[in-house]
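Trainee: From the sequence below, what's the structure:
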Amino acid sequence: MKIYWSNTGTLANPLELKSAGILIDWIEPSESGSKIAGWKETQGLTIQKEIIISPNLKNLEAILDFSSQDHRHLTGEAWHVLDGRGKMEIFPEKDLLVNFELEPGDFIFIPANLYHRFFCNPDTHFRFLRLVTDISGWKSIYRKKKELSSIKG
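Mentor: Now for the predicted structure:
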């Protein structure tokens, strides 16, 4: 996983991310059982669903559009990349953006109420486990247009 600050292009230190509640790990996709169980226990992740994004997915364009808009959830969310590549952008502070280039094995935990967005090429295959602390709080809350004017990605 390559992690860098968008404003400077410099690599981000995992300790800086941890102070914002963003946690990262690398978990071998084919041997993820016990490590995923550990994350579930320590972060209170109770719901797990495999998500597949592929060129033949119904409503692919709409799904990628929604995913690429700044949004947050009222519950924590984790992703474990199983296949493919994508990009996650997270805002640890209102005007600060950190970029994550995701590939198989990458694990990222996004705490509740942190704005983030996701991008992948619509011609590619991307598969990940999404884990959440509470599905009732997972509804996306999108950033208001006026809040976006000062943010550069």
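Trainee: does the residue most central in space within the chain count as helix, strand or coil?
Mentor: Centroid-nearest residue in the chain: M88, 5.2 Å away (criterion: CA atoms, centre = their mean). Under DSSP: H, G, I helix; E, B strand; the rest coil, the three-state class of M88 is strand.
Trainee: Can you report how many residues neighbour the closest residue in space to it that isn't next to it in sequence?
Mentor: Counting by CB to CB, 6 or more residues apart in numbering, F100 is the residue found nearest to M88 once chain neighbours are left out, at 4.3 Å. C-beta here means a position set from N, CA and C on the backbone, and glycine is covered the same way. Neighbourhood size, F100 [other CB atoms under 10 Å]: 25.
Trainee: For P29, see how far away F100 is.
Mentor: Distance, F100 to P29, using CB to CB, to the nearest Å: 17 Å.
Trainee: Quick check: beta-bridge partners of the residue nearest to M88?
Mentor: I3, M88 (DSSP bridges).
Trainee: One more: L96?
Mentor: In this entry, L96 is beta-bridged to E93, by DSSP bridges.
Trainee: Please tell me the pLDDT value assigned to it.
Mentor: L96 carries a pLDDT value of 89.
Trainee: The residue nearest to the centre of the chain and F118 touch, don't they?
Mentor: Yes. Here M88 lies in contact with F118, judged by CB atoms under 8 Å, at a distance of 5.3 Å.
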